[in-house]
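Q: I would like to see how this sequence folds:
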Amino acid sequence: MMDIFFTFSLLFVAILVGSMIFFSGVMAPLIFTKLDEVTAGKFIRTVFPWYYLVIIFFAALGAGCLFVSHEIECGILLIIAIGGIFARQVLMPKINHYRDLMIQGEEAAERTFKRLHSFSVWINSAQLLAGIATLTLLSWQ
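A: The predicted model follows:
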């Protein structure tokens, strides 16, 4: 039974990492190069909540499968999931708010927007690296 959970955890972590790489390496660049700024902004606001749900979902599933047998990898995946929850529920609404203020011409909002956006990029990069590390650790088992 543990082998089945381990196999599923590998699958979930691979989907997690693959999804994150696809979004950041393919989707995001295409959105901003092929769509005008207004359409790209609306599209991104629609896609990002789903993107974070994918991160949360697959990290949590992977953690659940590893709960009994691989505590370190389970912990890493739980941190990834918690980071996804924070980014989706706390950070993203603030980023959107300050972006709206920026569009309305409020100059002071730009600094806060850039700081929050940079923080979200940092979190996402850390999640991706942690996912790759987890996949690597699991593949050595």
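Q: list of residues touching the helix or strand of the chain with the lowest mean pLDDT?
A: The least trusted helix or strand in the chain, going by mean pLDDT, DSSP states H and E, turns out to be helix 28-34, with a mean of 92. By C-beta atoms under 8 Å, 6 or more residues apart in numbering, the residues outside helix 28-34 that reach it are Ala40, Phe43, Ile44, Val47. All C-beta atoms are positioned from the backbone trio N, CA, C, and that covers glycine.
Q: please identify the buried residues of the helix or strand where Tyr52 lies?
A: Assessed by DSSP states H and E, Tyr52 sits inside helix 37-66. Using 16 or more other C-beta atoms under 10 Å as the test for burial, helix 37-66 gives 40-41, 44, 48, 51-52, 55-66.
Q: same check on stretch 120-140?
A: Buried residues in stretch 120-140, counted by 16+ other C-beta under 10 Å: Ser120, Ile123, Asn124, Gln127, Leu128, Ala130, Gly131, Thr134, Leu135, Leu138.
Q: and for that stretch, what's in contact with it?
A: 6, 9-10, 13-14, 16-17, 20-21, 24, 55, 59, 62, 70, 72-73, 76-77, 79-80, 83-84, 86-87, 91-92, 95.
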